[in-house]
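1. Below are the sequence and a predicted model; questions follow.
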Amino acid sequence: MQAQRLAQTSGRCARVQPFLSAKINSVRRSRPLTMRATASYELDPDNASILVCGGGGVALHVTRKLKDMGSWVWMMQRTDVRKAEIEKMMAFVPKGDALNKDDVQRVYDGIEEVDAVVCTLGGSVADPRVDSEGNINIIDAAIRKGVKKFILVTSVGCGDSKEAPGERVYNVLKPVLVEKDKAEEHLKAAGAAGKLTYVIIRPGGLVSEPATGSAILTEDAMASGMIHREDVATLVCKALFSKKADNKVLTAIDPTKTPGPERAVFQL
């Protein structure tokens, strides 16, 4: 495993920089760059450098999918519990606690380039600090690093979706949702200031079963329901590599899991 990691590291010096500045001639590249019709460069999943922050669940699925797409992936972990599992995916596992600003900065400093961040951090009703403080630490360090795109996974019930889960469910989850709100607002403010591009994805109730492939994203803040974690990861990856999702707040649900009114699908 150590040899494999060293081989990966040695190859980074010649990789393509997916987010490209206007100074094309100054960019080191190992293959021709692709220019879209809009004359702008897109984040390319093949060879992108992406930091995933999250304990497990959705974050693990995201890491696996990004590796399958050819991205370089670092998955920050507070403990070594999942280290072996993540390394089997050929992803790097920097250790750090999101609530510790020095830890977070050390993780970013240890990566040559970070093109994008996917953050799925979540705490508990008993201790929801990571939902605000942890996420905000990750966001602020991303801005200092010059990250171009940041995807924050929160929950139905945040912001203008407060009424979507129903009063009883909201009141049970209120300590967490209030803290997630703070992280959402912090990220949106950074986006409005032009510091980075963001996407906020609010999943419904999470289920740990095989993906159905029927999940959708919608801009309808009143949408609510269930969704499988792997399906959330699929939607996150699609949003990451689609400019259509830039600076959007989207709800992720699976219409086949929860009966209800039809929701307009956000097309990526």
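-> Nice, I can see it.

2. So what does the most centrally placed residue in the chain have for phi and psi?
-> Within the chain, the residue whose C-alpha comes closest to the C-alpha centroid is residue 118; the distance, by CA atoms, centre = their mean, is 1.9 Å. When quoted as degrees, to the nearest 10, the phi and psi of residue 118 stand at phi -120, psi 120.

3. Please name the bridge partners of it.
-> Note on residue 118: beta-bridge partners by DSSP bridges are residue 52, residue 151.

4. Could you measure from it over to residue 263?
-> Look at residue 118 and residue 263: by CB to CB, to the nearest Å, they are 24 Å apart. All C-beta atoms are positioned from the backbone trio N, CA, C, and that covers glycine.

5. And residue 214, by the same measure?
-> For residue 214, the distance to residue 263 equals 12 Å [CB to CB].

6. Below-threshold pLDDT in this protein: ranges please.
-> Within the chain, the ranges that satisfy pLDDT under 70 run 1-42.

7. Try it again at 90.
-> For the chain, the stretches flagged by pLDDT under 90 are 1-42, 47, 55-56, 258-260.

8. residues of the biggest helix by length in it that come out buried?
-> Taking DSSP state H as the criterion, the chain has its longest helix at helix 167-192. Applying a neighbour-count criterion of 16 or more other CB atoms under 10 Å, the buried positions in helix 167-192 are 170, 173, 175-177, 179-184, 186-188, 190-191.

9. And the next helix or strand past it?
-> For helix 167-192, the following helix or strand on the C-terminal side (DSSP states H and E) is strand 197-203.

10. on contacts alone, who are the packing partners of that next one?
-> strand 149-153, helix 167-192, helix 229-240, strand 248-253 (3 or more CB pairs under 8 Å, 6 or more residues apart in numbering; DSSP states H and E).

11. Could you dump those into JSON lines and include distance to residue 141?
-> Shown next, in JSON lines, are the helices and strands packed on strand 197-203 (distance: least, CB to CB, whole Å):
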{"stretch": "strand 149-153", "distance to residue 141": "11"}
{"stretch": "helix 167-192", "distance to residue 141": "12"}
{"stretch": "helix 229-240", "distance to residue 141": "18"}
{"stretch": "strand 248-253", "distance to residue 141": "22"}
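
12. Which one of the ones you listed lies nearest to residue 126?
-> For the helices and strands packed on strand 197-203, the distance to residue 126 is smallest for helix 167-192, at 8.0 Å, taking CB to CB.

13. what helices or strands is the closest one leaning on?
-> Applying 3+ CB pairs under 8 Å, 6+ apart, one finds that helix 167-192 contacts helix 135-145, strand 149-153, strand 197-203.

14. now those in a markdown table, with mean neighbour count and distance to residue 210?
-> Below are the helices and strands packed on helix 167-192 laid out as a markdown table (neighbours: other CB atoms under 10 Å; distance: least, CB to CB, whole Å):
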| stretch | mean neighbour count | distance to residue 210 |
| --- | --- | --- |
| helix 135-145 | 21 | 28 |
| strand 149-153 | 25 | 20 |
| strand 197-203 | 25 | 16 |
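
15. can I get those in TSV with distance to residue 161?
-> Formatted as TSV, those follow (distance: least, CB to CB, whole Å):
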stretch	distance to residue 161
helix 135-145	17
strand 149-153	14
strand 197-203	6
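
16. still on that earlier bit, give me the distance between the residue nearest to the centre of the chain and residue 147.
-> As it turns out, when the distance is counted by CB to CB, residue 118 lies 11 Å from residue 147.

17. what sits in contact with each of the two?
-> Common neighbours of residue 118 and residue 147 are listed as residue 51 (criterion: CB atoms under 8 Å, 6 or more residues apart in numbering).

18. Strands of the stretch 1-150 of the chain, residue ranges please.
-> Along the stretch 1-150 of the chain, the segments classed as strands by DSSP state E, counting those that start in this stretch run 49-53, 72-76, 116-119, 149-153.

19. Include distance to residue 140 when you put the ones you listed into a markdown table, please.
-> Compiled in a markdown table, the strands of the stretch 1-150 of the chain are given as follows (distance: least, CB to CB, whole Å):
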| stretch | distance to residue 140 |
| --- | --- |
| strand 49-53 | 13 |
| strand 72-76 | 15 |
| strand 116-119 | 11 |
| strand 149-153 | 11 |
